[in-house]
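S.K.: 3D, please:
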Amino acid sequence: MIYNRKLTRALAASVLAFAASGVSAAESPITIVINQSPWFPGFQAVVEKYEEDTGNTVELDVNPFAGSLEKQRTAVRADQSPYDVLIMNAGFFSEFYSGGFMQPLTDIDPAFSLSEDIYTFDDSVCWNAEDKKISCDGGGLLSVPVNPNVLILHYRQDLYEEAGLSVPTTWDELYDNAKALQTDARYGISQRGQRGTFDVTYDVFPYIWSHGGGIVDQQDDGSYRVTINSPGTLAGMETYLKLAADVGHPSTAGQTQTNVIQNMATGRAVHINSVPAPGLFDDESKSMVVGQVAYAPPPGTSEFPSATPLGHWLAGVPKNISDDHKQAALAFLTWFQSDEAQRAYAEAGSMPVSRAVLESDMADQPEYRWMKALAAALPNARLTFTFPEATQVLAVTELRFNQAIGGEMPLNQALNTAAEEITKVMQDAGYDLPAPEMLP
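M.R.: Presented below is the predicted three-dimensional model:
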């Protein structure tokens with residue numbers, strides 16, 4: 001799907017816009033490859049504003065998640081990339097960093113820097129090529145964040161007020177509230193459980209982290225340990241499955257992100273843990289719960305605090321494009337960081353990556369009530385995978401988590417099988433990993 005808007009402007013108006021934006025005139029047209037997602041309409045609106053403000057042209061090549069990844073992989077290995085900006089996900093950006101495919105942004109313009117208001121998301125914007133690790137300490141700046149895309153709790157504020165319930169901070173409290181508000185006409189909670197590229201794996205992280213579990217954890221010495229079949233991961237998944245069985249959708253293993261969001265929008269779910277889509281929930285043409293959805297950080301446990309995975313998106317410039325296209329790409333990324341662009345992004349219904357906007361007076365307005373929950377969740381947000389073999393590991397976890405949720409395989413067996421398969425993936429890639437301890 002291609003969006004191409006070549007706009008003409010009167011010369012006087014264009015000159016004024018260029019001066020106001022700080023972006024140079026007559027940049028080369030650029031093409032951005034991006035995924036279709038709940039936040040895409042907001043990004044599209046900001047791109048249109050960029051074109052209006054500057055007179056520059058941007059094409060958006062929009063694809064499903066997996067399709068976007070494959071196009072990016074092909075593009076960076078071609079003689080010349082057809083894309084000038086890659087929108088990379090937290091699950092696979094390290095593959096492009098470690099492969100040496102991305103152009104350090106300060107090599108395009110030594111004066112370029114990340115705005116101090118923009119989150120670095122666990123330093124994921126930087127790559128230390130010498131030490132082969134994600135770090136802004138001695139690492140080059142390779143990208144600019146474009147969307148936080150973290151999971152936060154959505155709940156029906158109107159139903160909470162009617163029942164006199166408090167916002168849950170633990171999974172036990174969430175279970176009790178879901179049980180109290182569940183009816184034949186609505187689920188206590190709707191959870192994503194379908195297998196995809198980075199789908200069910202992404203959504204179970206708040207459960208397993210808040211029980212002390214993990215999937216593949218990096219140790220202090222830089223080594224890795226497979227923890228998907230640890231007691232903490234088992235406990236987290238038992239919590240997930242309890243919610244699914246007692247107060248969840250009857251076919252949780254088949255629920256996509258779109259299904260989950262629609263269950264909330266149509267009034268069929270009291271709770272969801274999802275990336276925010278406030279523009280949808282408050283759109284009278286798409287939602288039956290306008291003004292009724294409220295937001296909070298995901299629950300935790302008495303031992304471990306709330307934690308949400310960084311499924312964020314980063315915009316980088318591939319090395320294999322012409323210098324004028326690199327300059328044009330950087331012009332867009334410079335403009336995107338501005339307070340004006342970030343506010344417009346929020347106004348279009350997407351999540352800004354600017355701390356200044358999230359903590360601004362916008363957060364006190366009803367239509368931006370999600371901002372405070374997002375700002376509260378981000379300090380505890382964590383990177384999920386920091387090694388280039390992440391996509392191979394995800395192929396394992398997507399299958400095994402889905403099988404456990406769907407009842408095709410007992411949970412203990414699914415986690416043990418995944419641990420063995422992930423260990424083999426990592427060992428085959430050259431990592432020195434101990435054999436995982438098996439759950440009984």
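S.K.: my guess is Lys132 meets Ser98, correct?
M.R.: Yes - between Lys132 and Ser98 there is a contact at 6.3 Å, judged by C-beta atoms under 8 Å. For the C-beta atoms, the positions are set from N, CA and C on the backbone; glycine is no exception.
S.K.: of the two, who's got more company?
M.R.: Taking neighbours as other C-beta atoms under 10 Å, Lys132 and Ser98 compare with Ser98 leading, 18 against 14.
S.K.: which non-adjacent residue is nearest the more buried one?
M.R.: Sequence neighbours aside, Pro388 is the residue nearest to Ser98 in space, at 4.6 Å (criterion: C-beta to C-beta, 6 or more residues apart in numbering).
S.K.: now for the one you found, how many residues are close by?
M.R.: By other C-beta under 10 Å, neighbour count at Pro388 equals 17.
S.K.: what's the distance between the closest residue in space to Tyr83 that isn't next to it in sequence and Val62?
M.R.: Closest residue to Tyr83 apart from its sequence neighbours, by C-beta to C-beta, 6+ apart: Val33 at 4.3 Å. When distance is defined by C-beta to C-beta, to the nearest Å, Val33 is 8 Å away from Val62.
S.K.: please say which of these two ends up with more neighbours.
M.R.: Val33 (24 against 20).
S.K.: A strand includes the more buried one, no?
M.R.: Yes - under DSSP: H, G, I helix; E, B strand; the rest coil, Val33 falls within a strand.
S.K.: any idea how far it is from Glu408?
M.R.: From Val33 to Glu408 the distance is 35 Å (C-beta to C-beta).
S.K.: where does this protein have low pLDDT?
M.R.: Low-confidence segments of the chain, defined by pLDDT under 70, span residues 1-25.
S.K.: from Gly254, how far out is the most centrally placed residue in it?
M.R.: Nearest to the geometric centre of the chain sits Gly311, at 2.6 Å (C-alpha atoms, centre = their mean). Plainly put, Gly311 is 21 Å away from Gly254 if you go by C-beta to C-beta.
S.K.: would you map the helices across the stretch 1-150 of the chain?
M.R.: Applying DSSP state H, counting those that start in this stretch to the stretch 1-150 of the chain gives helices spanning 11-21, 40-54, 65-77, 93-98, 105-108.
S.K.: which of the residues in the longest one are buried?
M.R.: To tie it back to what came earlier, the one meant is helix 40-54. 40-51, 53-54 (16 or more other C-beta atoms under 10 Å).
S.K.: try the shortest one
M.R.: Burial within helix 105-108, assessed by neighbour count using 16+ other C-beta under 10 Å, is assigned to Leu105, Ile108.
S.K.: enumerate every residue touching Gly188.
M.R.: 175, 177-179, 181-182, 243, 246-248, 269-271 (C-beta atoms under 8 Å, 6 or more residues apart in numbering).
S.K.: from the residues you listed, which is closest to Pro82?
M.R.: Ala269 (40.1 Å; C-beta to C-beta).
S.K.: which residues touch that closest one?
M.R.: Listed by C-beta under 8 Å, 6+ apart, the contact set of Ala269 reads Arg186, Tyr187, Gly188, Ile189, Ser190, His249, Val260, Asn263.
S.K.: what about the residues you listed, which one has the most neighbours?
M.R.: Highest neighbour count within those: Ile189, with 30 neighbours (other C-beta under 10 Å).
S.K.: doesn't Lys242 make contact with that residue?
M.R.: No - counting by C-beta under 8 Å, no contact exists between Ile189 and Lys242, whose distance comes to 10.6 Å.
S.K.: pretty sure Leu310 contacts Ala377?
M.R.: No - with contact defined as C-beta under 8 Å, Leu310 does not reach Ala377; the gap is 10.4 Å.
S.K.: overlap in contacts, these two.
M.R.: In contact with both Leu310 and Ala377: Val150, using C-beta under 8 Å, 6+ apart.
S.K.: partner residues bridging Met88?
M.R.: Judged by DSSP bridges, the bridge partners of Met88 are Leu314.
S.K.: number of residues surrounding it?
M.R.: Counted with other C-beta under 10 Å, Met88 comes out at 28.
S.K.: spit out the contact partners of it.
M.R.: Going by C-beta under 8 Å, 6+ apart, Met88 touches Gln72, Phe96, Ser143, Trp313, Leu314, Ala315, Gly316.
S.K.: buried sites along stretch 192-204?
M.R.: Quick answer for stretch 192-204 (16+ other C-beta under 10 Å): 192-204.
S.K.: out of the residues you listed, which comes closest to Asp432?
M.R.: Out of those, the member with the shortest distance to Asp432 (by C-beta to C-beta) is Thr201, at 24.2 Å.
S.K.: which residues sit against the helix or strand in which that closest one is found?
M.R.: Thr201 belongs to helix 200-209 when elements are defined using DSSP states H and E. The contact list for helix 200-209, computed with C-beta under 8 Å, 6+ apart, reads 91, 151, 171, 191-194, 214-215, 232-233, 236-237, 239-240, 257, 273, 298-299, 304, 306-309, 311, 382, 384, 394, 397-398, 401-402, 405.
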